[in-house]
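Engineer: I'll drop the sequence and a predicted model, then ask my questions.
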Amino acid sequence: MRLPGATRIDLNTLATLVLLPAVTGLVVGGTVAWSVPTAAAELGGFLFALSLVKLCYLGTAAAHLGRWIAEKTDGGPGSAGWWSGDADEYLSHHRAREQEGCDWAAFPNPLDGCALAIALTTLVHMLTR
């Protein structure tokens with residue numbers, strides 16, 4: 001089986017996937033370590049902040065995985081019937097999107113985003129050991 005290549009790189013998604021969790025974790029971790037020194041005393045301020053970066057990357061991975069599952073099962077939040085409350089009736093009449101290659105048009109797609117966030121979590125975990 002050959003996986004299709006991406007036709008474009010979505011820089012906004014890539015930036016929010018890579019930069020936003022790191023900046024958020026560092027800012028929140030630094031703020032907590034500065035304002036409540038006893039909270040970060042055991043690890044030290046920087047390691048405490050990196051632990052929060054790990055948590056942010058795990059949350060990002062879960063969000064991207066959830067988006068991928070939603071798109072595969074129901075067509076995603078943009079489809080009619082998603083918020084109407086009668087999901088059973090909607091699902092019985094509509095199948096998941098079947099356009100070949102539509103998921104791979106941009107990098108990162110939701111599955112790529114999940115894998116990339118898990119890889120970044122692993123990298124940060126290796127830095128904190």
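Structural biologist: Looks like it arrived, so ask away.

Engineer: residues contacting stretch 113-126, please?
Structural biologist: Contact with stretch 113-126 is made by 13, 17-18, 21-22, 50, 53-54, 57-58, 60-62, 64-65, 67-68, 108, as judged by Cβ atoms under 8 Å, 6 or more residues apart in numbering. (Glycine included, C-beta is placed from N, CA and C.)

Engineer: got it, and stretch 43-56?
Structural biologist: For stretch 43-56, the surrounding residues in contact (Cβ under 8 Å, 6+ apart) are 20-22, 24-26, 28-30, 32-34, 39-40, 121, 124-125, 127-128.

Engineer: would you mark the buried spots in that stretch?
Structural biologist: Gly45, Phe48, Ala49, Leu50, Ser51, Leu52, Val53, Lys54, Leu55, Cys56 (16 or more other Cβ atoms under 10 Å).

Engineer: among the residues you listed, show me the least confident.
Structural biologist: Among these, Gly45 carries the lowest pLDDT, at 80.

Engineer: which of the contacts of stretch 113-126 are buried?
Structural biologist: 13, 17-18, 21-22, 50, 53-54, 57-58, 60-61, 64-65, 67-68, 108.

Engineer: where's the residue nearest to Leu111 when sequence neighbours are not counted relative to Ala62, distance?
Structural biologist: Computed as Cβ to Cβ, 6 or more residues apart in numbering, the closest residue to Leu111 that is not its neighbour in sequence is Trp68, at 5.0 Å. Remark: distance between Trp68 and Ala62 (Cβ to Cβ, to the nearest Å) = 11 Å.

Engineer: what's the answer for Ile69, then?
Structural biologist: Applying Cβ to Cβ to Ile69 and Ala62 gives a distance of 10 Å.

Engineer: now do Asp10
Structural biologist: Distance of Asp10 to Ala62, computed by Cβ to Cβ: 20 Å.

Engineer: just the helices in the protein please.
Structural biologist: All helices of the chain, identified by DSSP state H, fall at 11-35, 45-74, 87-93, 110-127.
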